[in-house]
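J.: Structure, please.
(2 chains)
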Number of protein chains: 2
Amino acid sequence: MSQVSQDDIDAAPGEEASMEARKPYDIDSLTDVALMVFAERGYDGASMDDVARAAGITKASIYHHVAGKEALLERGLSRALDALFAILEEPDAAGGAPETRLRYIVRRVAETTLRMQPELTVLFRVRGGSEVQRAALDRRRAFDHHVAGIIERAQASGAVRADLDARTVARLVFGMSNSVVEWYRTDGSLTPNDVVATVVALAFAGLAATAASTRGGR
Amino acid sequence: MSQVSQDDIDAAPGEEASMEARKPYDIDSLTDVALMVFAERGYDGASMDDVARAAGITKASIYHHVAGKEALLERGLSRALDALFAILEEPDAAGGAPETRLRYIVRRVAETTLRMQPELTVLFRVRGGSEVQRAALDRRRAFDHHVAGIIERAQASGAVRADLDARTVARLVFGMSNSVVEWYRTDGSLTPNDVVATVVALAFAGLAATAASTRGGR
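T.: This next block holds a predicted model:
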């Protein structure tokens, strides 16, 4: 993969960042920049000019690395989906009692959502406006379907309530977890661990008071 | 508010709908059409040409009623936010034990989300890209803040677990409920009541098996 030389970089007068030595971009670091821009402006609202401006290089330099905006989206979506599917292959997700697997997956999905917030933000907002977006939606559906299967097994085992539709539960629990990309800010007082613990607590026990919770246990 | 006359309507040859007598548009029915278009294509991805095409009238006819795309967005967002704030004034939301009020509000928000899916879809996707959008985000935050206050009172009363941050709980519970706009389809096998009941069940009791739930109670 070719690198953008320093000559390609547009000096942006008055911006502190432009005064620092900047590492040449490669396709991965350009994808990082594009994801931040897409997460902020929305994919449809963002242009390659916006990406170039955020990267501090010319649009021509970006096209040296990548065919266009949708190719950057495709790379970002693949990162997000690959990370989610990798969770399902982790030993604690792949084996053991279904309720334990489920709890592990819910926790790891929330952790991954917070750790890869730009990637997951862009993934969660995809609505299927192109072939690339529809393929991403298909993979998301396959992920939910897999987890719904684990919920059904947990229900059959008696460890999880059996009166709720497993597919609906999967969507709602991930809907709750996914929502963090819309409101969690790293500069706030909540740590990612606080958020993950709250997601898991609500998903598995809800708001009902228990002896442990009213004494302040988590 | 003036009405669009039948003369303004562009006949769209080959479309069945154009064969039927069509009621003249007013600002409310144009807002209905715009919300469907915004929900489908995203606000940034939708143009006034898209709205005109969906309405089957000329763009000039739309501008006869409304200043532009953002004015249509503003009307849609006001509908959504007015409906949410109206819930807080309903007697069961405004008075009684805090846990009962909270349960009522969560149920009514989920019901309203399903009943006004286009309005709420557009509201939940607003990211603050304009003055109108920032004002809507401010009202959403005020709503969440109000509900977080009720959660705190429910925690203080002992009826709701006190080990979770009330603001985070408000965001996660509404994150779960709001997610229905992204996946609920009226042509599926789930009724709106099924979805609302599942949201309330998860929010207040989570997935944990109880004697009632494993016997199939709801």
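J.: List the residues that contact the most centrally placed residue in chain A.
T.: For chain A, the residue nearest the mean C-alpha position is A:Leu120 (1.9 Å; C-alpha atoms, centre = their mean). Residues in contact with A:Leu120 (C-beta atoms under 8 Å, 6 or more residues apart in numbering or on different chains) are A:Ala80, A:Thr112, A:Thr113, A:Asn178, A:Val181. In this view, the C-beta of every residue, glycine as well, is placed from N, C-alpha and C.
J.: let's go with 10 Å and repeat that
T.: Contact criterion C-beta atoms under 10 Å, 6 or more residues apart in numbering or on different chains gives A:35, A:39, A:76-77, A:79-81, A:83-84, A:109, A:112-114, A:177-178, A:180-181 as the residues in contact with A:Leu120.
J.: Can you select the buried ones among those residues for me in ChimeraX?
T.: Buried residues within those, by 16 or more other C-beta atoms under 10 Å in any protein chain shown, are selected in ChimeraX with:
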select /A:35,39,76,77,79,80,81,83,84,109,112,113,114,177,178,180,181
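J.: just checking, which of the contacts of A:Leu120 belong to strands?
T.: Nothing among the contacts of A:Leu120 maps onto strands, per DSSP state E.
J.: near chain B, which of the contacts of A:Leu120 show up?
T.: A:Ala39, A:Ser177, A:Asn178, A:Val180, A:Val181 (C-beta under 10 Å from any C-beta of the partner chain).
J.: how about the nearest residue to the first one, chain neighbours excluded?
T.: The reference is to A:Ala39. Excluding the flanking residues, the one nearest A:Ala39 by C-beta to C-beta, 6 or more residues apart in numbering or on different chains is A:Thr121, at 4.2 Å.
J.: how would you label that neighbour: helix, strand or coil?
T.: Following DSSP: H, G, I helix; E, B strand; the rest coil, the label given to A:Thr121 is helix.
J.: Counting neighbours, what do you get for it?
T.: Using other C-beta atoms under 10 Å in any protein chain shown, A:Thr121 has 22 other residues around it.
J.: Pull the contacting residues for it.
T.: Neighbouring residues of A:Thr121 by C-beta under 10 Å, 6+ apart: A:35-36, A:38-40, A:42, A:76, A:80, A:113, A:178, A:180-182.
J.: same question, A:Arg134
T.: Contact partners of A:Arg134, counting by C-beta under 10 Å, 6+ apart, are A:Val126, A:Arg127, A:Gly128.
J.: Check the gap between it and chain B for me.
T.: To chain B, A:Arg134 is 14 Å away according to C-beta to the nearest C-beta, to the nearest Å.
J.: Pull up the per-residue confidence for that residue.
T.: pLDDT, A:Arg134: 97.
J.: is it true that it lies in a helix?
T.: Yes. Using three-state DSSP, the assignment for A:Arg134 is a helix.
J.: any idea how far A:Val126 is from it?
T.: 9 Å (C-beta to C-beta, to the nearest Å).
J.: count of residues packed around the closest residue to A:Leu190 other than its chain neighbours?
T.: Excluding the flanking residues, the one nearest A:Leu190 by C-beta to C-beta, 6+ apart is B:Thr168, at 6.4 Å. Neighbour count for B:Thr168, taken as other C-beta under 10 Å: 22.
J.: B:Thr168 and A:Tyr184 touch, don't they?
T.: Yes. Counting by C-beta atoms under 10 Å, B:Thr168 sits close enough to A:Tyr184 to count as a contact (9.1 Å).
J.: Pull up the overlap in contacts between those two.
T.: By C-beta under 10 Å, 6+ apart, the residues touching both B:Thr168 and A:Tyr184 are A:Leu190, A:Asp194, A:Val195.
J.: Which of the residues you listed sits closest to A:Arg103?
T.: Closest approach to A:Arg103 among the shared contacts of B:Thr168 and A:Tyr184 (C-beta to C-beta): A:Val195, at 16.0 Å.
J.: Please export the C-alpha coordinates of the host helix or strand of that closest one as PDB.
T.: Counting by DSSP states H and E, the element that carries A:Val195 is helix A:192-205. Provided in PDB are the C-alpha atoms of helix A:192-205 (Å, rounded to 0.1, in the frame of the first residue of the first chain):
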ATOM      1  CA  PRO A 192     -16.600   2.300  29.900                       C
ATOM      2  CA  ASN A 193     -16.600  -0.400  32.600                       C
ATOM      3  CA  ASP A 194     -19.500   1.400  34.400                       C
ATOM      4  CA  VAL A 195     -21.500   1.400  31.200                       C
ATOM      5  CA  VAL A 196     -20.800  -2.200  30.400                       C
ATOM      6  CA  ALA A 197     -21.700  -3.300  34.000                       C
ATOM      7  CA  THR A 198     -25.000  -1.300  33.700                       C
ATOM      8  CA  VAL A 199     -25.900  -2.900  30.400                       C
ATOM      9  CA  VAL A 200     -25.300  -6.400  31.700                       C
ATOM     10  CA  ALA A 201     -27.200  -5.600  35.000                       C
ATOM     11  CA  LEU A 202     -30.200  -4.300  33.200                       C
ATOM     12  CA  ALA A 203     -30.300  -7.100  30.500                       C
ATOM     13  CA  PHE A 204     -30.200  -9.900  33.100                       C
ATOM     14  CA  ALA A 205     -31.900  -8.500  36.100                       C
END
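J.: quick one: contacts for the residue lying closest to A:Glu111 once chain neighbours are set aside?
T.: For A:Glu111, ignoring the flanking residues on the chain, the nearest one in space by C-beta to C-beta, 6+ apart is A:Val196 at 5.4 Å. By C-beta under 10 Å, 6+ apart, the contact list for A:Val196 reads A:Val106, A:Arg107, A:Arg108, A:Val109, A:Ala110, A:Glu111, A:Thr112, A:Thr113, A:Leu114, A:Ser177, A:Val180.
J.: Ranking helices and strands of chain A by mean pLDDT, which lands last?
T.: In chain A, the helix or strand scored least confidently by mean pLDDT, DSSP states H and E is helix A:211-214, which has a mean of 57.
J.: What about chain B: which of the contacts of A:Arg134 touch it?
T.: Contacts with chain B are made by A:Arg127, A:Gly128 out of the contacts of A:Arg134, judged by C-beta under 10 Å from any C-beta.
J.: from the contacts of A:Arg134, which single one is nearest chain B?
T.: Distance to chain B across the contacts of A:Arg134 (C-beta to the nearest C-beta) is lowest for A:Arg127, with 6.6 Å.
J.: Does that closest one touch B:Arg41 like I think?
T.: Yes. Using C-beta under 10 Å, A:Arg127 is in contact with B:Arg41, at 8.1 Å.
J.: which neighbours do the two share?
T.: By C-beta under 10 Å, 6+ apart, the residues touching both A:Arg127 and B:Arg41 are A:Asp44.
J.: Low-confidence stretches in chain A?
T.: Scanning chain A for pLDDT under 70 picks out the ranges A:1-23, A:211-218.
J.: residue contacts, the residue lying closest to A:Leu164 once chain neighbours are set aside?
T.: Leaving aside its chain neighbours, A:Leu164 sits nearest to B:Thr198 (5.3 Å; criterion: C-beta to C-beta, 6+ apart). Listed by C-beta under 10 Å, 6+ apart, the contact partners of B:Thr198 are A:Asp163, A:Leu164, A:Asp165, A:Thr168, A:Val169, A:Arg171, A:Leu172, B:Ala110, B:Met176, B:Val180, B:Leu190, B:Arg218.
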